[in-house]
Structures are given as structure tokens and as C-alpha cells.
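S.K.: Below are the sequence and a predicted model for it; my questions follow.
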Amino acid sequence: MDKRDEQAIEAVKAYYQQDLSQAEVAARMGISRPTVAKLLAHGRARGFVTVEIHDPRDDASELASRLEERFGLACARVAYGHAADEAEAIDQVGRIGAALVVQLVRDDMSVGISWGRTMSALASHLARAPRQGVRVVQLKGGTSYSERATHDYEIMRAFCEALCAEPRYLPLPAIFEDTATASIVRADRAIARILEEGRGVDVAVFTVGAINEEALSLNLGQLDRGEVEALLRDAVGDACSRFFTRDGVVAAPAVDERTVGIRLEELRTRPVRVLVAGGRVKASALDTALRMGLATHLVVDQDLAAALLERQGEASPSAGGQRRPPTDGNTCQFSR
């Protein structure tokens, strides 16, 4: 720690703890007001001071209540504040989603997780919350054949470190080149055991992707151009690399058969299913996923929540799951 660090600590203590103005801090320290501003910025950059904002709307709000009613959810949470772009929206829901996950996971539970930008944001916000006997299971393969990264290992590691959990990695691509190879891999004893654990998790934490040219799920080198074009035409979204149409049915059966990971019908059977999504671009995909019954718990940003509630008169997807999740344990927070 150098002299500038020591000055920064003195400045942040006077400014934040003693509630002095910058001018008063400057007078006390015998320096200029611009120098105080620079010291405060230095203190924040060095981590000497952090600022947390607790917005009560994150836990309960009219928007959240309307989402719960519209989609039959046990719990919905909305990250308030209009995001400047999709990246900011994803970071906002990652923060709220991380807090919800910590509340929901108890000792001796198994937690299934997917990957992607949203899951990466959630993982980055996880606070250390040690549990006993928790297993974290990767719900789908994450190996990429392109320059685009899934960050599956980093996400798994963050969950395990936060919860003091044992990992169950699935070191595979999500989609194989042919069904024969996928079948052989699924038959492997070790892989079969992890897939079985994934089908039986107590809590599933995942996101839904919108289908467009830039979608991560279409740019991992696992699909040929014809398949990409077919999905762009027929699919509205994907969950755990399972593509679905606007009607809630499998968008590309041949691709689905080559996919290694939890199936949508298996995901719908899990007692707690936390769906985290950010960005208005996901409105159509998320609306379909919710009508399919994929989630019991939902975390979205304010703009996406509004977009979901603006959608009216669309038929429910034919693959619909249970409309109302069971009440035992599927609340915003488990009793301890």
C-alpha cells in the first residue's frame, strides 16, 4: 500500500462514514477538492469502498405480480432501471438471479445449470453461501468448435465455489455431428450417470436464448449452414440447447436427437426451475418458454417484463407443462 492508497482510505472514510462533503474533506486533508474527487475514485477502483443499492422492487413489485399471474409462476423478480443495452440488462438480471439462487439452495440439494452470457453474469454475482452436501450438475455439454466461448467451466466453478459444492461436469459438445456418435456418448457409463443426475436435480437454473444470426447456440461450430438457416426460419428460442418453435414444439428433431443434455420434457418435471433472461430481444422466446411451463421462478429486467406483459392473445404452446407449480417449497425463498 502506497501513500496514494493511504490518502484514498482517509478520504473515503471521511466522505462515506462521516458524511463530509468533498470540500470539507479537502479542508481537513489540506488538499484541493479535485484531488479529493480523484482519491475517492481511486478508493473505489482499489476496492476500499463499495456501494450497494437495495431496491425493494427487486423482491416484490406490481410487474412481478402480474408476471406471476400471467404465467402461473411461483415467483417472479424484476430488475428495475432501464438498461442502456442488452449487456447491461443481462448484468442486472444476473445480480438478481444470483441472490435468488442463494436463497433457494439448501443443504443436500442438487443444482443443475446451463451456460451462456446470462448464466455467466449470474455466476459472477454469486455471493459465498456455503452449503453442505450440494452437487452442481452441468445440464448440457459446453465444448465449442468455434471462437465463441460458452464459459461452461468458469460458470460451474463459480457455482461450486460459492456453494462449497461438488461439481458434475459434462465435458462434451452440446450437439454432436451425427446421432450415432451422440448415442454412443450417452451410453458411456460415466456420462449416463451425469445425465441421470441432471434429470433429477432439485433446482434447475437456466436461460432462454433468442434465435438470430448472432445467437451463441448457432455459432459454436456444431451446426451446418443448412441447419442454421432452418432454425432461423422455424425456431423462436432455445433452452439448454433444445430449440423450440413458437408453438412450443421441437424445432429441429434431427438436431435434437444429436443433442446431449436434459430434454425440455425432463426439465419441466424439476420441482424448482429458475429461468433468468435479460434484454427485450428475448421477449418472443421467453413468452413461449413460459407458456410451455419451463419455469417456476423467473428473473427478468424491467423492459423485458413490460414486453412480456404487452403480448396478448397468443395461443398457448401445445407442449405446455403444468400451469401452476406446486406450492411446497417453490416460493421465492425456502424456509430454513
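M.R.: Structure's in. What do you need?
S.K.: Spell out for me which residue occupies the centre of the chain.
M.R.: For the chain, Met119 is the residue whose C-alpha lies nearest the centre (C-alpha atoms, centre = their mean; 3.6 Å).
S.K.: where does the stretch 51-200 of the chain have low pLDDT?
M.R.: The model of the stretch 51-200 of the chain has pLDDT under 70 over residues 52-60.
S.K.: quick one, strands of it?
M.R.: 75-79, 110-113, 135-138, 166-168 (DSSP state E, counting those that start in this stretch).
S.K.: picking that back up, ok, now which ones touch the residue nearest to the centre of the chain?
M.R.: Met119 makes contact with Ile113, His151, Ile155, Val205, Phe206, Thr207, Val276 under the criterion C-beta atoms under 8 Å, 6 or more residues apart in numbering. From N, CA and C alone the C-beta is placed, and that goes for glycine too.
S.K.: Of the strands of the stretch 51-200 of the chain, give the one that comes closest to Phe176.
M.R.: For those, the distance to Phe176 is smallest for strand 135-138, at 16.0 Å, taking C-beta to C-beta.
S.K.: What pairs with the closest one, parallel or antiparallel?
M.R.: strand 110-113 (parallel), strand 166-168 (parallel) (DSSP bridges).
S.K.: just checking, Pro173 touches Tyr145?
M.R.: Yes: Pro173 lies in contact with Tyr145 (C-beta atoms under 8 Å); the separation is 6.8 Å.
S.K.: How many residues are close by Tyr80?
M.R.: Using other C-beta atoms under 10 Å, Tyr80 has 15 other residues around it.
S.K.: shouldn't it be in contact with Val300?
M.R.: No: assessed by C-beta under 8 Å, Tyr80 is found out of contact with Val300, at 10.8 Å.
S.K.: just so I have it, where are all the helices in the chain?
M.R.: Taking DSSP state H, the helices of the chain run over residues 3-12, 22-29, 33-45, 62-71, 86-104, 117-124, 152-163, 179-187, 189-199, 225-234, 253-257, 264-267, 283-291, 302-310.
S.K.: Can I get those in TSV including distance to Asp247?
M.R.: Output for those, formatted as TSV (distance: least, C-beta to C-beta, whole Å):
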stretch	distance to Asp247
helix 3-12	56
helix 22-29	59
helix 33-45	50
helix 62-71	17
helix 86-104	26
helix 117-124	24
helix 152-163	30
helix 179-187	24
helix 189-199	25
helix 225-234	10
helix 253-257	14
helix 264-267	13
helix 283-291	8
helix 302-310	18
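S.K.: Quick check: which of those is buried the most?
M.R.: Each of the helices of the chain was assessed for mean neighbour count using mean count of other C-beta atoms under 10 Å. The highest is helix 283-291, with a mean of 25.
S.K.: between that helix and helix 62-71, how big is the angle?
M.R.: 60 degrees (axes from the mean of the first three to the mean of the last three C-alpha atoms, to 10 degrees).
S.K.: can you give me how far helix 283-291 is from the chain middle?
M.R.: Centroid separation for helix 283-291 versus its chain: 15 Å, with C-alpha atoms, centre = their mean, to the nearest Å.
S.K.: Can you say which of the strands paired with strand 135-138 is nearest to Ala129?
M.R.: Per C-beta to C-beta, nearest to Ala129 of those: strand 110-113, 11.8 Å.
S.K.: Tell me which residues are up against that closest one.
M.R.: 101, 105, 119, 134-139, 155-156, 159, 163, 165, 197-198, 200-206, 262, 270.
S.K.: Kindly report the same for stretch 137-155.
M.R.: Contacts to stretch 137-155, defined as C-beta under 8 Å, 6+ apart, come from residues 110-116, 119-120, 123, 156, 167-175, 194, 197-198, 201, 204, 206, 216, 219-222, 240-241, 259-262, 267.
S.K.: Give me the buried positions along it.
M.R.: Across stretch 137-155, burial judged by 16 or more other C-beta atoms under 10 Å covers 137-144, 150-153, 155.
S.K.: which pair in these spans the largest distance?
M.R.: Using C-beta to C-beta, the buried residues of stretch 137-155 reach their maximum pairwise distance at Val137 and Ser144, which is 19.9 Å.
S.K.: And the strands in the stretch 201-336 of the chain?
M.R.: Counting by DSSP E, counting those that start in this stretch, the strands of the stretch 201-336 of the chain are 203-206, 208-210, 237-239, 242-244, 272-277, 297-301.
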